[in-house]
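Enquirer: mind folding the following:
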Amino acid sequence: MSSIDSPFEEGQAINRQDRGSIRTAPRYSCENGRNDALLRGEFSMNARTVTVMAMAFAVSFLQAQTKEKAAGSDAARQKLIGAWHLVSMDEPGPGGALRHVTNRKGMLVYTRDGHMSVQIMYPPSEATVSNEYVLNGYEASFGSYDLDESAHTVTHHVQASITHELVGKNLTRAFQLSSGHLIIKSVRPDEHWSVAWEHD
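Expert: Residues are numbered from 1 along each chain as shown. Modelled structure (predicted):
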């Protein structure tokens, strides 16, 4: 019996040992799985937190940029608001050379609520001058305006004009504020004039 029972008992011992290994292995794997899941959860939460923080920073940055740009535009608009009287005009003469003209009368007005008007009266010697802007020595138009501080331009949206040709047009002008003067220039490549205004 001993020769038969020993192998059987040894096999039982081996089986018991194997069963023990089988029982303990899943328990070890589950614990590792839970740890991996926790690590993945923490990583996912950290990634979401970083993403949310980055988005919040981007939104704050854009809002700050927008406020800064608006503040700059408001500052420039404040400087334009009011009445300006004409100081001089530089324009091409009959031969094409620029001439400096100081004997014309004019007024340019920008209002706080976004309206504008301009009038220029030429001297009697130029009473017959007529072009896109002038009719028989007189220029007059009014409408609304938009300001682009970054481009240093102001756009006149003409609602009415002494020359019907301008009505409905959007006239973009480059502007510069220097030594108490407002310098207005055309941005059209075919126009080479500038007007100097002084604040009343």
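Enquirer: measure how buried residue 179 is and give me the count.
Expert: Residues near residue 179, counting by other Cβ atoms under 10 Å, number 6. C-beta coordinates here come from the backbone N, C-alpha and C atoms, glycine included.
Enquirer: same check, this time on residue 112
Expert: By other Cβ under 10 Å, neighbour count at residue 112 equals 10.
Enquirer: then residue 79?
Expert: Using other Cβ under 10 Å, the number of residues around residue 79 comes to 13.
Enquirer: got it, and residue 76?
Expert: The local packing of residue 76 (other Cβ under 10 Å) involves 18 other residues.
Enquirer: quick one: mean pLDDT over the helix or strand it falls within.
Expert: Following DSSP states H and E, one finds residue 76 within helix 2-80. Averaged across helix 2-80, pLDDT comes to 57.
Enquirer: could you point out the helix or strand that follows it?
Expert: Next along from helix 2-80, by DSSP H and E: strand 82-92.
Enquirer: for that following strand, list every residue counted as buried.
Expert: Buried residues in strand 82-92, counting neighbours by 16 or more other Cβ atoms under 10 Å, are found at 84, 86-89.
Enquirer: sheet-wise, list the partners of it with their directions.
Expert: Here strand 82-92 has these sheet partners by DSSP bridges: strand 98-101 (antiparallel), strand 105-110 (antiparallel), strand 194-199 (antiparallel).
Enquirer: tell me which of these lies nearest to residue 76.
Expert: strand 105-110 (10.8 Å; Cβ to Cβ).
Enquirer: what mean pLDDT does that closest one have?
Expert: Taken as a whole, strand 105-110 has a mean pLDDT of 98.
Enquirer: cool, stretch 139-156 as well?
Expert: On average, stretch 139-156 scores 96.
Enquirer: restricting to C-alpha, output it in PDB.
Expert: Output of stretch 139-156 as PDB, limited to C-alpha atoms (Å, rounded to 0.1, in the frame of the first residue of the first chain):
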ATOM      1  CA  GLU A 139     -17.000 120.200 -50.700                       C
ATOM      2  CA  ALA A 140     -19.600 118.800 -48.300                       C
ATOM      3  CA  SER A 141     -20.600 115.400 -47.000                       C
ATOM      4  CA  PHE A 142     -21.800 113.700 -43.900                       C
ATOM      5  CA  GLY A 143     -22.400 110.200 -42.500                       C
ATOM      6  CA  SER A 144     -21.000 107.800 -40.000                       C
ATOM      7  CA  TYR A 145     -17.400 106.600 -39.300                       C
ATOM      8  CA  ASP A 146     -15.500 103.600 -38.000                       C
ATOM      9  CA  LEU A 147     -12.000 103.700 -36.500                       C
ATOM     10  CA  ASP A 148      -9.300 101.100 -36.800                       C
ATOM     11  CA  GLU A 149      -6.600 102.000 -34.400                       C
ATOM     12  CA  SER A 150      -4.200  99.100 -35.300                       C
ATOM     13  CA  ALA A 151      -4.300 100.200 -39.000                       C
ATOM     14  CA  HIS A 152      -4.400 103.900 -38.100                       C
ATOM     15  CA  THR A 153      -7.400 104.400 -40.500                       C
ATOM     16  CA  VAL A 154     -10.800 106.000 -40.200                       C
ATOM     17  CA  THR A 155     -13.500 105.100 -42.700                       C
ATOM     18  CA  HIS A 156     -16.200 107.600 -43.600                       C
END
